[in-house]
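Student: build me a structure from this.
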Amino acid sequence: MSTPITHASFTLSRTLNAPPSRVFEAFSDFASKKKWFGGPPEWNQGESSLEFREGGRETDVGGPEGGFVSTMQALYYDIVDNERIVYTYEMLLDGQRTSVSLSTVELQAEGDGTLLTLTEQGAYFTEVDQVAGRKEGTDGLLDALQAFVEGH
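Tutor: All right, here's what the predicted structure looks like:
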C-alpha cells in the first residue's frame with residue numbers, strides 16, 4: 001500500500017524594514033540567497049545552484065554531518081521584478097521524495113519597507129504529518145531573510 005498524501009496550505013507574512021527591491025534581490029541573486037537560505041549552520045552544504053528566471057531551476061542539498069541528506073529542487077514559473085515569485089519545489093530526504101509544493105512570494109511596498117506574503121500549497125508523501133514542521137522551517141527561513149535584508 002502506498003503512503004497516504006496530506007494536502008495542506010499555509011500563509012506567512014513579514015513586514016520587513018527594507019524596500020521591495022532589496023528583498024527581491026535576496027531571492028534572485030545567488031550570493032545573497034546563500035547568506036540566508038539553507039539549513040542550520042552545523043549542516044554540511046552539498047550541491048547548490050540558482051538559475052533565477054522563468055523556467056529556471058534551483059537546487060540546494062545539505063544535511064547534518066553523518067546524517068540524512070535533504071534536497072530541494074525548484075522550478076520558477078512566474079517572476080515579476082520586485083513584486084512576485086511563483087515556483088514549485090520538491091523536497092527529498094535521502095533521495096526519497098517527501099513533498100511537492102507550489103509557493104508564491106508576494107512583495108508589496110509598505111512605507112519604506114516591504115510586506116512579504118508567502119503562501120505554500122503542498123502535497124506531503126510521508127506518514128508523519130510534516131505540515132507543521134514545514135511551516136516552522138519556512139518561518140525560520142523568513143526570520144533569516146529578515147535579518148539579512150535588515151542588516152542584522
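Student: could you pick out the longest strand of this protein?
Tutor: Assignment by DSSP state E gives strand 96-110 as the longest strand of the chain.
Student: that strand pairs with which strands, and in what direction?
Tutor: The strands beside strand 96-110 in its sheet (DSSP bridges) come out as strand 84-93 (antiparallel), strand 113-124 (antiparallel).
Student: so what touches the longest one?
Tutor: If you take C-beta atoms under 8 Å, 6 or more residues apart in numbering as the criterion, strand 113-124 is touched by 5-20, 22-23, 98-109, 130-131, 134-135, 138, 142, 145. Where you see a C-beta, it was placed from the backbone N, CA and C, and this is true even at glycine.
Student: could you identify the buried members of these?
Tutor: 6, 8, 14, 16, 18-20, 22-23, 98-101, 103-107, 130-131, 134-135, 138, 142, 145 (16 or more other C-beta atoms under 10 Å).
Student: can you tell me how far residue 144 is from residue 104?
Tutor: 19 Å (C-beta to C-beta, to the nearest Å).
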